[in-house]
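In: Let's see this in three dimensions:
(2 chains)
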Amino acid sequence: DGGITQSPKYLFRKEGQNVTLSCEQNLNHDAMYWYRQDPGQGLRLIYYSQIVNDFQKGDIAEGYSVSREKKESFPLTVTSAQKNPTAFYLCASSIPGQQYSNQPQHFGDGTRLSIL
Amino acid sequence: AQTVTQSQPEMSVQEAETVTLSCTYDTSESDYYLFWYKQPPSRQMILVIRQEAYKQQNATENRFSVNFQKAAKSFSLKISDSQLGDAAMYFCAYRSVITYKYIFGTGTRLKVLA
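Out: Numbers count the residues shown, from 1 in each chain, chains lettered A, B, ... in the order given. As a prediction, the model looks like this:
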């Protein structure tokens, strides 16, 4: 079955350290997204990518970076510049294009990042 | 910019009763899509129901239905015959047909009382 795999499930970061969250999909979707989820704030968009080798900043991109070298993969790096990284991170994918606008996003199971 | 507002942080419903979760949104676009997602304690995001803005008929999926009022920019979710498994966070989401961005509300936590 197709789906989105996020790893690891739990991740701990030390002060001053960069960490990378993995997101892989086999749904053949062109568009991929990273969200941050904090209590009481819903899902906030960090970065999104509509096609390989292209990505755009979302609403809270500061302190994060991404790459999109392959259609299947959209890793998120939480840099040391992100001073409050403790949160639940969700990766999603969808089919872009206006004709597919009724298609929902598919989500991974998430990664919980904590500070040591 | 589009915004989505869920004004009820938490709701409770007795098992087998009906509950309505509210969602309002703001947009200048005439065509768009709206979704309700459920997030149980497992944190998985599960699609509950979707609505296309150009369709006047309210979407229905088994015990779940929406009341879509385009002029009022309102998109409420009604859950009938509530079950214990319905207990979860519910998120309302907006998708623009111009960008690929989805905008989510802050969520409503639904408790189902036995």
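
In: Tell me the residues of chain A that contact chain B?
Out: A:31, A:33, A:35, A:40-45, A:48, A:50, A:58, A:88, A:90, A:92, A:94, A:96, A:98, A:101-102, A:104-105, A:107, A:109-110 (C-beta under 8 Å from any C-beta of the partner chain). The C-beta positions use only the backbone N, C-alpha and C, and glycine is treated the same way.

In: Just the buried residues from those, in ChimeraX please.
Out: Applying 16 or more other C-beta atoms under 10 Å in any protein chain shown to the residues of chain A next to chain B leaves a buried subset, and the ChimeraX line that selects it is:
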select /A:31,33,35,42,43,44,45,48,50,58,90,92,94,96,101,104,105,107,109,110
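
In: Of the residues of chain A next to chain B, which belong to helices?
Out: Among these, none falls in helices (DSSP state H).

In: Distance of the nearest residue to A:Y47 once chain neighbours are set aside relative to chain B?
Out: What sits nearest to A:Y47 in space, not counting adjacent residues and going by C-beta to C-beta, 6 or more residues apart in numbering or on different chains, is A:V66, at 4.5 Å. Separation of A:V66 from chain B (C-beta to the nearest C-beta, to the nearest Å): 15 Å.

In: mind listing what A:V66 touches?
Out: A:W34, A:I46, A:Y47, A:S49, A:F55, A:F74, A:P75, A:L76, A:T77 (C-beta atoms under 8 Å, 6 or more residues apart in numbering or on different chains).

In: quick one: which two of those residues are the most distant?
Out: A:S49 and A:T77 (14.0 Å; C-beta to C-beta).

In: what ranges do the strands span in the chain?
Out: Assuming you mean chain A. A:4-7, A:10-13, A:19-25, A:31-37, A:43-51, A:54-57, A:64-66, A:76-78, A:87-94, A:106-107, A:111-115 (DSSP state E).

In: nope, chain B please
Out: B:3-5, B:10-14, B:19-21, B:24-26, B:32-39, B:46-52, B:60-61, B:64-69, B:74-79, B:88-96, B:102-104, B:108-113.

In: out of the ones you listed, nearest to A:G16?
Out: Per C-beta to C-beta, nearest to A:G16 of these: strand B:102-104, 31.3 Å.

In: For chain B, which residues are neighbours of chain A?
Out: B:6, B:9, B:32-33, B:35, B:37, B:42-45, B:47, B:50, B:52, B:91, B:95-97, B:100-102, B:104-107.

In: which non-adjacent residue is nearest the most centrally placed residue in chain A?
Out: With distances taken as C-alpha atoms, centre = their mean, the residue of chain A nearest its centroid is A:W34 (2.5 Å). Nearest-residue entry for A:W34: A:I46, 4.3 Å, with adjacent residues in sequence omitted and distances by C-beta to C-beta, 6+ apart.

In: on that earlier part again, which entries within the residues of chain B next to chain A meet the buried criterion?
Out: B:6, B:32-33, B:35, B:37, B:43, B:45, B:47, B:50, B:52, B:91, B:95-97, B:100-102, B:104-107.

In: Many thanks, we can stop here.
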